[in-house]
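A.B. asks: have a look at this prediction, sequence included:
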Protein chains: 4
Amino acid sequence: MIVVMKLDASSQEVDAVKSRLENLGFKIHPIQGVKRLVLGAVGDRKVANSLNLESFPGVEKVMLIMKPYKMVSREAKEENTIVKVGNVEIGGSKVVSMCGPCAVENEEQMIQIARAVKEAGGHILRGGAFKPRTSPYAFQGLEEEGLKMLARAREETGLPVVTEVINTQDVELVAEYADMLQIGSRNMQNYSLLKAVGMTGKPVLLKRGLSATMEEWLMSAEYILAEKNYNVVLCERGIRTFETYTRNTLDISAVPLIKSLSHLPVVVDPSHATGNWKLVAPLAKASVAAGADGLLIEAHPNPPEALCDGEQSLSPRNLQRLLADLKPFLKAVGRG
Amino acid sequence: MIVVMKLDASSQEVDAVKSRLENLGFKIHPIQGVKRLVLGAVGDRKVANSLNLESFPGVEKVMLIMKPYKMVSREAKEENTIVKVGNVEIGGSKVVSMCGPCAVENEEQMIQIARAVKEAGGHILRGGAFKPRTSPYAFQGLEEEGLKMLARAREETGLPVVTEVINTQDVELVAEYADMLQIGSRNMQNYSLLKAVGMTGKPVLLKRGLSATMEEWLMSAEYILAEKNYNVVLCERGIRTFETYTRNTLDISAVPLIKSLSHLPVVVDPSHATGNWKLVAPLAKASVAAGADGLLIEAHPNPPEALCDGEQSLSPRNLQRLLADLKPFLKAVGRG
Amino acid sequence: MIVVMKLDASSQEVDAVKSRLENLGFKIHPIQGVKRLVLGAVGDRKVANSLNLESFPGVEKVMLIMKPYKMVSREAKEENTIVKVGNVEIGGSKVVSMCGPCAVENEEQMIQIARAVKEAGGHILRGGAFKPRTSPYAFQGLEEEGLKMLARAREETGLPVVTEVINTQDVELVAEYADMLQIGSRNMQNYSLLKAVGMTGKPVLLKRGLSATMEEWLMSAEYILAEKNYNVVLCERGIRTFETYTRNTLDISAVPLIKSLSHLPVVVDPSHATGNWKLVAPLAKASVAAGADGLLIEAHPNPPEALCDGEQSLSPRNLQRLLADLKPFLKAVGRG
Amino acid sequence: MIVVMKLDASSQEVDAVKSRLENLGFKIHPIQGVKRLVLGAVGDRKVANSLNLESFPGVEKVMLIMKPYKMVSREAKEENTIVKVGNVEIGGSKVVSMCGPCAVENEEQMIQIARAVKEAGGHILRGGAFKPRTSPYAFQGLEEEGLKMLARAREETGLPVVTEVINTQDVELVAEYADMLQIGSRNMQNYSLLKAVGMTGKPVLLKRGLSATMEEWLMSAEYILAEKNYNVVLCERGIRTFETYTRNTLDISAVPLIKSLSHLPVVVDPSHATGNWKLVAPLAKASVAAGADGLLIEAHPNPPEALCDGEQSLSPRNLQRLLADLKPFLKAVGRG
């Protein structure tokens, strides 16, 4: 930690900072700069988190050296983590496709799309039974009925299932049916929920919050690992910016950067990132090229009739074409 | 609703859109523009929410005319809502000060700051017992013990208490102790939690999400009102932008704009908005001048020793000075 | 400057960084942290600007201690700068109102609004003769004809005139007519233009760029001061964010923060910040309360007929009312 | 254009809007909604630009149907535009690599890097002679001397040259030496400069502004085309967001989206987008996969010694490797 003192900090003010740090076990290295005094402080980063040095008189600013995350860090574990969902490995040699509708609507729809996903070569089936919706008047999901339909679609096709959980109370229920629990963007900093999914030990798909920094995202993953659940897959799904021509802005840089900072697998959701099915194919290709370990793609038997997010969903035919068109890119990254 | 068709939309595509709309009870008004066809559709906004017209072939874009919120709207209720917290009215003739520490740390601290708040002329006591923290290694709050300390501080001073609830499971517990339930920024779109606090009927302080639009914020309030709980106070607390010199960017325009769009009271939290106690006083004055119904101000008996957010907390002395300095501004807005 | 080395930096890599720094006159203070080596380097901030240490192998990151701006800094000059425009002082004991239309349209309009500004108690007349417009098909301004009309309006009313210059070639021409040169948001980082207005010695109104950080804004002011022109007034006019209910987001925190970082006066433009004339009054009051040295307010004899920005312009009657309504707030800040 | 009237708009207010529109040649289609009146108005989009309907009493909001850009639009010209720079075609069957240093530093450096670019298979040489720098104390470029060095490097290698122009006064000079004129991010809305480069008829590389929407970016291109210069290449180079782990956020969606909206070629600058040379390779691959027509890549003979942007520059060896590694991706998009 680096503590920059103000130009006019008094020696009493400097001493107060020093003794605070020394009392907490930090070792101090004062550096007299051209104009101001800087204190280097070596000690425990976790303690640094709870310090309030910026509220001390005479302190101009505090700069932390070490990253606040530990267990998710590439420094803590050098080799890639591989997360197993059913018999599918995420983070390994293959790029994994997770496809399905925004919301589970009825059994027929789920079976139909599950078969289409299987046929197109997808690996995991997605679908929402609990839906966090901006409007209280919008369709809120079929809840347990929806989970049962997902389970039946899995029986039909053998595809493992990922579905969102939005409430600590429902974690146990969802974990009964699903192979992987999804934490949606709006809940990325719902820490009670993170702890609860952590405790299940089940694989977790952690979506990046709408305006979460990569650091905050990794800290949320840290919450899950801190419960001794190491099966976390990070999902970049676009961030909120000033641009209005797309629903969100896909932060493609997050893919290689997170992979350098962390050992966890990273997948991309081009459907939510753009909100426009026509952009899904080019962005899926770009994600593979950037090194993503997988893709989360919305697909619906009949997008115009979808109960949510139809505008960003692929029809079975378009899904089939996309997964076929991805092949040369998978080959180019050596993950064919 | 306005549906803009593509330049090259075929008549079958136009007919498909028309019949979809007509089947849902919309009345269609076609307008032939200079280049493209536009369909005006008159009908139920709630239905419009669930349409997927953008996924129809031939549709370029869909523009909604009506705002998606209903019950929170100024159109639904012209006169200002006044929310009563204990014997304090928010949204009425007085500007209400809600002060206290980021986190409840121990009984002594709470009693001490509660007395300081009372003495300075504050109206409501704030303090966190459940703390949503970015890091799993940071202090997570005293939970029920903290709630008890808040209750004792209320006994001592007569000040009603507002405190955050972060989990549906804890809503009942927190509601037992608190006079007002706070929904923090990170949970603004935790809809299960919104429904749960809605069902208690207790006053709710709904903080704006870090990157929530005003529309999304009002929609979250709508969730609470939809549970027949009309006691909602909106709290602007800064939004996330590219600027790094402040912790967040206080969106001061939200105060007059929300008051024109909605009948609900609006308060401002200048402490979180800036993350810098020196900016709290000028921004508190600005908030009053802009028409805020109240202020949420972090105060601590000894900020440098605070377990969280010390850098943005006022000492008792600075709190006293601020509330005194606000008086001419309260007079200027006629809410002395 | 603090150079953080990577966990696995070799001693050769450390030595390369050290010798680079030493060759440039820096003194090195190595600090061995818990895990990694950190190098404190004391020397010239201007040199630090041009270093590329982040491209050295073994370097994780570089953190600069000192702010990059010099002459604009409060540390360089403790007392407030007062900028004189005609006989009006900005940054002194009074809050200055600068009012007028977005664009100069014709002589009658200018004389009419100038009289209204004078009568309402405004101090400086604004109006655009060179207009930077997003669309090449929109009205681009009357150019020199407009400047002449501004000059005639000044003759009529005695109000000094501020107007925008958008091109280095026009600086001399504009400086002939205007009392103060305005640099618009889009040109905040047009460094050739900054140098050119710097060289005129005339007062400059420097608007913050749409997405400029406060640091970049101060650096742009530094360009003007570096030409020995100290007559710079900074104008906060809203920044670009994700919020769409307002045209921009007024960053009200910039007022007290810039005034603590710099000795230059700060004014606020609530018209552009919101793009909505109904929000101008509450934000003008908030700006005064936050400590602004002045206001820039769009006014037009007949807003619905304005050639640009009519939706954010006040009518003469509303301008009169606003300046009257500001009085209690001016009194509250002691600048009546 | 759609004009939404307020709930309580009087019939006089409605008539005022109608007659304003009719006087300007619009044809009105009133639609009585469930609650409010909506006016569809068919007429000239260019006129719509200059209307101030939002400042009319009784008007709630105005929604424009047509895009404001004309000549750059895919609707105006269906086939892709191919821009010829020397003998290199941008927007055709090949993906074009434009490589070189941030700044021209001296002749030796330029010749050296030009040879490396040529050898690696790059097509165009880039390098800055006029440098827009945030700090007035940073290296500002070699100006005409730099242009001469670029010209000599072109002689040596046969590679055409692209370089930035930052001032209308220098346009003629730069056009004498360069094969393509670059408009940098900070000048994307410097309309005088856009007109000036438009008038040269030379190919223009138009970088997206730091926080420009795609619409504003296309409008800036429209300025150049409006001068009858159709040789415009758009360059996505990252936008400003809240994320601080990267210098900017590459908006990869802009590539396919702009290509659907416009006939102009789109290239990507992964160097500025991230500010980190290690991310250049994955993002270059992603850009190719997303459909980019070219890449702008910073390269320097010895990045640690670069006078600017060394941290994001590739060494000759890394450039060579990148261009080689791109080959399978070029093949995958069929532009080998």
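C.D. replies: Arrived safely. Numbering: from 1, shown residues only, chains lettered A, B, ... in the order given.

A.B. asks: contacts, neighbours, all on C-alpha from now
C.D. replies: Fine.

A.B. asks: so where's chain A shaky on pLDDT?
C.D. replies: A:49-50 (pLDDT under 70).

A.B. asks: domain map for chain A?
C.D. replies: Split into domains by automatic domain parsing, chain A comes to A:2-63, A:83-332.

A.B. asks: tell me which of the ones you listed sits most buried.
C.D. replies: Highest mean neighbour count of the domains of chain A: domain A:83-332, a mean of 23 (counted as mean count of other CA atoms under 10 Å in any protein chain shown).

A.B. asks: quick one: terminal-to-terminal distance for it?
C.D. replies: Domain A:83-332 has an end-to-end distance of 23 Å (criterion: CA to CA, to the nearest Å).

A.B. asks: now do that domain: distance to the chain's middle.
C.D. replies: 9 Å (CA atoms, centre = their mean, to the nearest Å).

A.B. asks: go on, stretch A:328-336?
C.D. replies: On the basis of CA atoms, centre = their mean, stretch A:328-336 sits 24 Å off its chain's mean C-alpha point.

A.B. asks: is any residue of that stretch near chain D?
C.D. replies: Yes: applying CA under 8 Å from any CA of the partner chain, one finds stretch A:328-336 touching chain D at A:328-329, A:332.

A.B. asks: one step back: next, format the domains of chain A as TSV and append distance to chain B.
C.D. replies: Below are the domains of chain A laid out as TSV (distance: least, CA to the nearest CA, whole Å):
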stretch	distance to chain B
domain A:2-63	4
domain A:83-332	4
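
A.B. asks: need those domains in TSV (columns: distance to residue D:155).
C.D. replies: Output for the domains of chain A, formatted as TSV (distance: least, CA to CA, whole Å):
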stretch	distance to residue D:155
domain A:2-63	47
domain A:83-332	36
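
A.B. asks: isn't residue A:166 right up against residue B:192?
C.D. replies: Yes: in this structure, residue A:166 is within contact of residue B:192 by CA atoms under 8 Å, at 7.5 Å.

A.B. asks: so what's in contact with those two at the same time?
C.D. replies: Shared contacts of residue A:166 and residue B:192 (CA atoms under 8 Å, 6 or more residues apart in numbering or on different chains): none.

A.B. asks: get me the contact residues on the stretch 1-150 of chain A for chain C.
C.D. replies: Applying CA under 8 Å from any CA, one finds that the stretch 1-150 of chain A approaches chain C through A:4, A:29, A:31-34, A:40, A:42-44, A:65.

A.B. asks: can you tell me the SS state at the residue of chain A at minimum distance from chain C?
C.D. replies: Nearest residue of chain A to chain C, counting by CA to the nearest CA: residue A:242, 4.4 Å away. With DSSP: H, G, I helix; E, B strand; the rest coil as the basis, residue A:242 sits in coil.

A.B. asks: what's near enough to touch it?
C.D. replies: For residue A:242, the contact set (CA under 8 Å, 6+ apart) comprises C:240-243, D:211, D:213.

A.B. asks: likewise residue A:56?
C.D. replies: Residue A:56 makes contacts with A:13, A:17, B:304, B:311, as judged by CA under 8 Å, 6+ apart.

A.B. asks: got it, and residue A:276?
C.D. replies: A:246-247, A:311-313.

A.B. asks: chain D: which of those is nearest?
C.D. replies: residue A:246 (7.9 Å).

A.B. asks: next, the closest one: phi, psi?
C.D. replies: Backbone geometry at residue A:246, expressed as degrees, to the nearest 10, gives phi -120, psi 160.

A.B. asks: now, among the contacts of residue A:242, which is nearest to residue C:125?
C.D. replies: For the contacts of residue A:242, the minimum distance to residue C:125 (CA to CA) is 26.7 Å, reached by residue C:240.

A.B. asks: the closest one against residue C:209, yeah?
C.D. replies: No: using CA under 8 Å, residue C:240 is not in contact with residue C:209; the gap is 9.2 Å.

A.B. asks: with adjacent residues omitted, what lies nearest to the closest residue to chain D within the stretch 151-300 of chain A?
C.D. replies: Nearest residue of the stretch 151-300 of chain A to chain D (CA to the nearest CA) works out as residue A:286 at 4.0 Å. Nearest non-adjacent residue to residue A:286, counting by CA to CA, 6 or more residues apart in numbering or on different chains: residue D:286, 4.0 Å away.

A.B. asks: check residue A:85 too.
C.D. replies: Residue nearest to residue A:85 in three dimensions, not counting chain neighbours: residue A:179, with 6.0 Å by CA to CA, 6+ apart.

A.B. asks: isn't the one you found right up against residue A:161?
C.D. replies: Yes: using CA under 8 Å, residue A:179 is in contact with residue A:161, at 5.2 Å.

A.B. asks: after the one helix or strand residue A:20 maps to, which helix or strand is next?
C.D. replies: Assigning secondary structure by DSSP states H and E places residue A:20 in helix A:11-23. From helix A:11-23 onward toward the C-terminus, using DSSP H and E, the following helix or strand is strand A:27-32.
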